[in-house]
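A.B. asks: Here is a sequence with its predicted model. Questions after.
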Amino acid sequence: MAERIYDKYFLHDDRSEPKANDYTSLNSLPPFPEIASPQTYFRGAPALPGASANIGWQVFTDPVCWETIPHVHKYDEFLIFLGGELPDLCGSFDAEVDLWMGKELEKHTIDSTTVVYIPKGVWHCPLNFRVINKPVLFHALYLGPTLDAVRMEDFDEAGFDFEGPVNLRTFNIPKK
């Protein structure tokens, strides 16, 4: 079939086997086993040239602290925490997720369906999925064309008090 005018605005799952660090397909292998596989991630401009947002859909099945070092972004971000059981995405939330905000590292515990707005330039993380009684459907919506982050220098990850069980993982944000 001949290419149509608006074909360039559609990114379809091509049903190929998910791969690690795949930034152009919708399905990819998650960075560690506490996330159900495959994860679905739309990586913005690398996947659809001209796009100005990134969004990921991941199902966390076991406790993990996957963003360990505070960082800031050039664009606004939303973190969305839902229960992972259809049809009741709100009522099926049964977890405790700790998120630290600001240079002050103010701790917030998420224990119900929640949307967090993180304005550009606001420090955030660690992000510790500390208790998972039921799967958590997690969305990160980033309003920039590509992922970017400036990490907090001299953050003492080993000495940080996570105030509870932690399974530390390091999620590497791709460099431009």
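C.D. replies: In hand now; what should we look at? Residues are numbered from 1 along each chain as shown.

A.B. asks: When you work out contacts or count neighbours from here on, use the C-alpha atoms and nothing else.
C.D. replies: Noted.

A.B. asks: low-scoring pLDDT stretches of the protein, where are they?
C.D. replies: 1, 165, 168-176 (pLDDT under 70).

A.B. asks: Would you map the strands across it?
C.D. replies: 19-20, 27-29, 39-42, 54-60, 64-67, 71-72, 77-83, 95-101, 106-110, 114-118, 124-132, 136-142, 150-151 (DSSP state E).

A.B. asks: Distance to residue 157 for those - can I get that in TSV?
C.D. replies: Listed next are the strands of the chain as TSV, based on distance: least, Cα to Cα, whole Å:
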stretch	distance to residue 157
strand 19-20	26
strand 27-29	26
strand 39-42	26
strand 54-60	22
strand 64-67	11
strand 71-72	13
strand 77-83	22
strand 95-101	13
strand 106-110	15
strand 114-118	22
strand 124-132	9
strand 136-142	23
strand 150-151	12
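
A.B. asks: Take those and write them to JSON lines, including mean neighbour count and distance to residue 9.
C.D. replies: Below are the strands of the chain laid out as JSON lines (neighbours: other Cα atoms under 10 Å; distance: least, Cα to Cα, whole Å):
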{"stretch": "strand 19-20", "mean neighbour count": "12", "distance to residue 9": "23"}
{"stretch": "strand 27-29", "mean neighbour count": "22", "distance to residue 9": "18"}
{"stretch": "strand 39-42", "mean neighbour count": "21", "distance to residue 9": "13"}
{"stretch": "strand 54-60", "mean neighbour count": "20", "distance to residue 9": "14"}
{"stretch": "strand 64-67", "mean neighbour count": "22", "distance to residue 9": "31"}
{"stretch": "strand 71-72", "mean neighbour count": "22", "distance to residue 9": "29"}
{"stretch": "strand 77-83", "mean neighbour count": "20", "distance to residue 9": "22"}
{"stretch": "strand 95-101", "mean neighbour count": "21", "distance to residue 9": "34"}
{"stretch": "strand 106-110", "mean neighbour count": "14", "distance to residue 9": "35"}
{"stretch": "strand 114-118", "mean neighbour count": "15", "distance to residue 9": "27"}
{"stretch": "strand 124-132", "mean neighbour count": "22", "distance to residue 9": "32"}
{"stretch": "strand 136-142", "mean neighbour count": "21", "distance to residue 9": "18"}
{"stretch": "strand 150-151", "mean neighbour count": "15", "distance to residue 9": "30"}
